[in-house]
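Enquirer: Have a look at this fold, sequence not included:
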Ligand SMILES: Nc1ncnc2c1ncn2[C@@H]1O[C@H](COP(=O)(O)OP(=O)(O)OP(=O)(O)O)[C@@H](O)[C@H]1O
């Protein structure tokens, strides 16, 4: 076959194979083409991958070779066949045209030999580059600068060899002769080979030692999960519970296993090396990374990588001096016991064998920027410069990087470097139970905790966030009736853990009523350092920081502060709050309880600007310093700070009337009333500002509001206050008809808060919650506001039949509910009985969209039963299910007499001509339908013919979509002429 045709017809897989392979394979292909004189030196340089992506270079290579005609195409296919590993060329048709290539001829000069033998030379030079450079230096052929340039550690051995060959070529015949002579000597000298072999072995041993040390350090760090009182170290393996992990792409969130974290699944940018792990506070990102580290360290998974280098952004914040990549790796991850040079050389020359993890990117005090390029692994630079260049791939390109962060802290500029984005959605309902059972060896206690949770829906909703689940489970005694009230807000949960710790510290189990008495001093001291830290993005404190804030040993012994857990740190030990959310809680306690240290203006300002923080700030300053700085920051430096938002929502919760008495128990707080009034005022103002920013509706469209992330936060604050009057005031005058809250990270806990506030809306709305993680539990939380929903959109939310049952039971009682969209959830035939019930009983129901679920002909039978009785349904969407011919027949029969349905989609449903014939009968009789979608089915000419005949008798129908069915191109043309309402 003609090689040019082969290249043209396989362009996409060829680019894929080249760009998904290593840089070395690509450069090796270029070596062959240069040796065969298909490309010249200039073209070789222009295709170089050092400044552009592999994908772009691959495209240019194909264009260039194609433009050079058949012999060039033959050469490329032959080179690909010789260079690409079997796995990469398996799907390609690469004929070997070696025998058809231009005759090989004997080179007439050393320069020509170097060029003609380039691929072999690159291999031969491996391991001898230093010796050859030394010789060329001694002969005066190369300068010191040139020898250093060639050996820059950013280049792999092959790249160093190629640079050496390029330089030799540029120096002329004499240099080429010297090179060939030296290579001959090396090849002829077995002792040199042996010596080289020994040196290689030594290097190998050094790297192995480093790997061993790294594994054991990591395993020691990660195996245990230290708990609050540091007495019962539990094994991570015994407590780890799988969370819901989803890869985020445009159409749907697809579930992912932990081992898939680094697989190709979900890749959006194959040229990037960064996997972004996002999740809300406490969703388990750090724990997941701890698990990944342990799996690698124990040899159980991720073994394709030789090294795993873990970094904590919290610790990186503390590095104030400039340092090199080398110091960063050795000082922060693992110090090699010897042969540092060799170990580092291995790391930089085999980046594809290394994984770097950065935990808590949201805690990093520097805002991501890609304007400062730093490519040298040895030259010192500021910590943010090194980290940002690692993430972009300017340093250690091809090394895998995993960055965990809360979603709000991910800037669009960082997303440009992301290979794939994975969301951690916390525990599933089953996960909550598994976790609680793992926490309690006494089955009865576990069962009681689970039962008590299930009887308290708001708390059950919160437990899908692992950190809350952990607290609730730890405080089971308080939960099971020995404490204050029934917790339903996040603040309640944290007050519960405060109570738990204080009682634990005082060793008094019985005096429940006085658990807070006299602890104001400790709370204020811990709160002060927590607050300073939140304001300055500082989450690890030195002993000196603690002393300066007046924190006493007694305060420390309460257990809220624990020693930082870093894989390897030669610096003095640091302390941190058990969890960052606990630091936020203490910061909030300080804001609420401190009448003197925290100025009133400071309190208000903190609250009002809680969604903003200044990055690039230095070490922890005092609250007041930070207050004054905050007024000076520029728009560019502002970005969402979830820690400040969490603190503010705790403030709202603590100022709730329900907690006044509890707080007064701690000590006298004169300003509680004033602060409470201020917070309410600020929340109302925030909501009004949000509603005022909604643009007026486009004529003919509904007035709709696309919620900003701050909206969900404001709603959560109002919920924390548990003040129905405040919730009513916040929304009663709103005149929006459609609330869009898509991609807002809404889980069950957010649903509780939303329902608490939105139920006070005066007029019915459409509530669009697509692409969140509402789940069945979230559906239950939404019930209180279902009365005000005309329409509810829950596409892509992990909802199952159970959630549908809950939704429909309530929906049946909601007069205004007219539309439900559940595209892409986990619905099966089981839930269709509920929809049938809805269709039968609700004669004002307009639209049901159930696309991309798991409904078969069985489900279609139930739906048909409901459809037969519905006099109002106008839209029915079943795209991407599997109703088949039988299901189509059932639906068709049920819809024959419908006088309301105007739109029907049965796209991609395995429907053949039998189903089409039944639908044709329906078309003949139906008087209301206007549009039918039957794209991507298996309908043949016979079925289409039946539809054609039916259309002759039905003038109401405007279009029938039949693309992607079983028609030949000729049939498509022929039928297209017969009926213009058919889209083929
Ligand atoms: N998969 C899990 N299995 C068991 N427990 C978990 C799991 N994930 C989280 N937890 C519990 O929740 C707590 C908080 O989790 P973690 O610190 O990993 O959350 P995070 O997402 O990193 O939070 P943040 O963004 O606030 O730093 C852990 O200390 C642990 O008790």
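Expert: Happy to help now that I have it. Because the structure is predicted, anything quoted here is derived from the model rather than measured.
Enquirer: in terms of contact, does residue 854 touch residue 878 like I think?
Expert: No. Residue 854 is beyond contact range of residue 878, at 11.4 Å (criterion: Cβ atoms under 8 Å). Glycine gets a C-beta too; all of them are placed from N, C-alpha and C.
Enquirer: And residue 714, how far from residue 830?
Expert: 38 Å (Cβ to Cβ, to the nearest Å).
Enquirer: Then residue 504?
Expert: Distance from residue 504 to residue 830, by Cβ to Cβ: 46 Å.
Enquirer: Check residue 895 too.
Expert: 23 Å.
Enquirer: For the stretch 351-500 of the chain, just list every one of the helices.
Expert: 383-392, 412-415, 429-439, 443-454, 457-462, 466-474, 476-477, 490-506 (DSSP state H, counting those that start in this stretch).
Enquirer: So which of residue 714 and residue 830 has more stuff around it?
Expert: Neighbours per residue (other Cβ atoms under 10 Å) separate residue 714 from residue 830, with residue 714 holding more: 28 against 17.
Enquirer: ok, the more buried one - contacts?
Expert: 683, 686-687, 690, 730 (Cβ atoms under 8 Å, 6 or more residues apart in numbering).
Enquirer: Buried ones only from these, please, as a PyMOL command.
Expert: Buried residues within the contacts of residue 714, by 16 or more other Cβ atoms under 10 Å, are selected in PyMOL with:
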select buried, resi 683+686+687+690+730
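Enquirer: Need the contacts of residue 714 in CSV (columns: distance to the ligand and secondary structure).
Expert: CSV is the format used below for those (distance: Cβ to the nearest ligand atom, whole Å; DSSP: H, G, I helix; E, B strand; the rest coil):
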residue, distance to the ligand, secondary structure
683, 23, helix
686, 23, helix
687, 26, helix
690, 25, helix
730, 27, helix
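Enquirer: so which of the contacts of residue 714 comes closest to residue 62?
Expert: Closest approach to residue 62 among the contacts of residue 714 (Cβ to Cβ): residue 690, at 51.0 Å.
Enquirer: Might one say that the closest one is in contact with residue 711?
Expert: Yes. Residue 690 is within contact range of residue 711, at 5.3 Å (criterion: Cβ under 8 Å).
Enquirer: Identify the contacts common to those two.
Expert: Between them, residue 690 and residue 711 share no contacting residue, judged by Cβ under 8 Å, 6+ apart.
Enquirer: number of nearby residues for the closest residue to the ligand within the stretch 851-984 of the chain?
Expert: Nearest residue of the stretch 851-984 of the chain to the ligand, counting by Cβ to the nearest ligand atom: residue 854, 27.5 Å away. Per other Cβ under 10 Å, the neighbour tally for residue 854 reads 16.
Enquirer: hey, what's it bridged with?
Expert: Beta-bridge partners for residue 854, by DSSP bridges, are residue 828.
Enquirer: Tell me which residues touch it, please.
Expert: 826-829, 881-882.
Enquirer: start to end distance for stretch 760-774?
Expert: Its start and end residues considered, stretch 760-774 measures 21 Å (Cα to Cα, to the nearest Å).
Enquirer: Mind listing what's buried along that stretch?
Expert: 760-761, 764-774.
Enquirer: Could you give the average pLDDT over the helix or strand hosting residue 43?
Expert: Secondary-structure assignment from DSSP states H and E places residue 43 in helix 41-46. In this model, helix 41-46 has a mean pLDDT of 82.
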